[in-house]
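**Student:** just coords:
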Ligand code: BTN
């Protein structure tokens, strides 16, 4: 198969039909000592979760998976997990669909101007050594969803609009995503992925709105630094490096 690279990986797959949230379950499993490489895959979520407490629409026409990692990383470097995962998934979707995939900082994947994938990384800190105890990378891909709820229908899209969702496509997609994730986790600190990430980032050079503490500030996105922070410049020429926790971005 052109999709399988024949790489040695050590994933342990746990495949379910409907779950509340693969991230919630993966967290429970990680807290109960599930090994690194454990992957929970579901075809539907009843309580899919997004960033900043939002929900993630997760009907049976998508692919939802969570990967348990136990990386030797400091909490400051945990953004690297997020950015490498975004690149890994973008490459997988591109390979399968032959469509360009762009990344909206931090972790939204866009195809033809629509958000087709969201990623939620959740980390648990080891209080004794200040490093990460585990990290969960949760990936939700809209494979063939046509009817989105009204609040997201203008921004959400699917990677296969014309093709019916079928088992081979979804499982090939899952295999490709996992292969790329294995690769990206190998190279987490090599910064290669950060370069790729920057190339795919479509906010850079754009006028945006930074939403901070419930206030809206117009700004220009001018770059992404080597810790994956978004660099913005305000109209008075002051600059700021933003981390994902503190802002959300509007592009309209
Ligand atoms: C976002 O767009 O804000 C992030 C969405 C992340 C969704 C995925 S689907 C698999 C995993 N389980 C969840 O509950 N969320 C993530």
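**Tutor:** Thanks, I have it. Keep in mind that this is a model prediction, so the values were computed, not measured.

**Student:** What's the first helix or strand after whichever strand or helix holds residue 26?
**Tutor:** Counting by DSSP states H and E, the element that carries residue 26 is helix 22-31. Next helix or strand after helix 22-31 toward the C-terminus (DSSP H and E): strand 38-45.

**Student:** Please identify the buried residues of that following strand?
**Tutor:** Under the neighbour-count criterion of 16 or more other C-beta atoms under 10 Å, strand 38-45 has 38, 39, 40, 41, 42, 43, 45 buried. Yep, even glycine has a C-beta here, placed from its N, CA and C like the rest.

**Student:** With distance to the ligand and pLDDT added, can I get those residues in CSV?
**Tutor:** Conversion of the buried residues of strand 38-45 to CSV gives the following (distance: C-beta to the nearest ligand atom, whole Å; pLDDT from 0 to 100):
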residue, distance to the ligand, pLDDT
38, 14, 93
39, 11, 95
40, 8, 97
41, 9, 96
42, 8, 96
43, 11, 92
45, 6, 98
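
**Student:** residue ranges with poor pLDDT in the stretch 51-200 of the chain?
**Tutor:** Low-confidence segments of the stretch 51-200 of the chain (pLDDT under 70): 161-168, 189.

**Student:** Can you pull the residues of it lying near the ligand?
**Tutor:** 51, 54, 56, 64, 66, 108, 118, 119, 120, 138, 139, 140 (C-beta under 6 Å from any ligand atom).

**Student:** Relative to residue 214, which of the residues you listed is nearest.
**Tutor:** residue 54 (15.6 Å; C-beta to C-beta).

**Student:** Residue ranges of each domain in this structure, please.
**Tutor:** 12-200, 207-250 (automatic domain parsing).

**Student:** And the buried residues of strand 38-45, which is closest to residue 201?
**Tutor:** Nearest member of the buried residues of strand 38-45 to residue 201, counting by C-beta to C-beta, is residue 39, at 26.6 Å.

**Student:** Tell me which residues touch the closest one, please.
**Tutor:** 11, 12, 13, 14, 65, 66, 67, 68, 178 (C-beta atoms under 8 Å, 6 or more residues apart in numbering).

**Student:** List the residues that contact the residue in the stretch 51-200 of the chain that the ligand sits nearest to.
**Tutor:** Using C-beta to the nearest ligand atom, the single residue of the stretch 51-200 of the chain nearest to the ligand is residue 118, 2.2 Å away. Applying C-beta under 8 Å, 6+ apart, we find residue 118 in contact with 50, 51, 56, 107, 108, 109, 139, 140.

**Student:** re the thing from before, quick one: which of the residues of the stretch 51-200 of the chain next to the ligand sit in strands?
**Tutor:** 64, 66, 108, 118, 119, 120, 138, 139, 140 (DSSP state E).

**Student:** mind listing the helices for the stretch 151-252 of the chain?
**Tutor:** Ranges of helices in the stretch 151-252 of the chain, per DSSP state H, counting those that start in this stretch, are 167-186, 192-200.

**Student:** Would you reformat the ones you listed as JSON lines and include mean neighbour count?
**Tutor:** Converted to JSON lines, the helices of the stretch 151-252 of the chain look like this (neighbours: other C-beta atoms under 10 Å):
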{"stretch": "helix 167-186", "mean neighbour count": "19"}
{"stretch": "helix 192-200", "mean neighbour count": "18"}
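
**Student:** ok so, going back, just the buried residues of the contacts of residue 39.
**Tutor:** 11, 14, 65, 66, 67, 68, 178.
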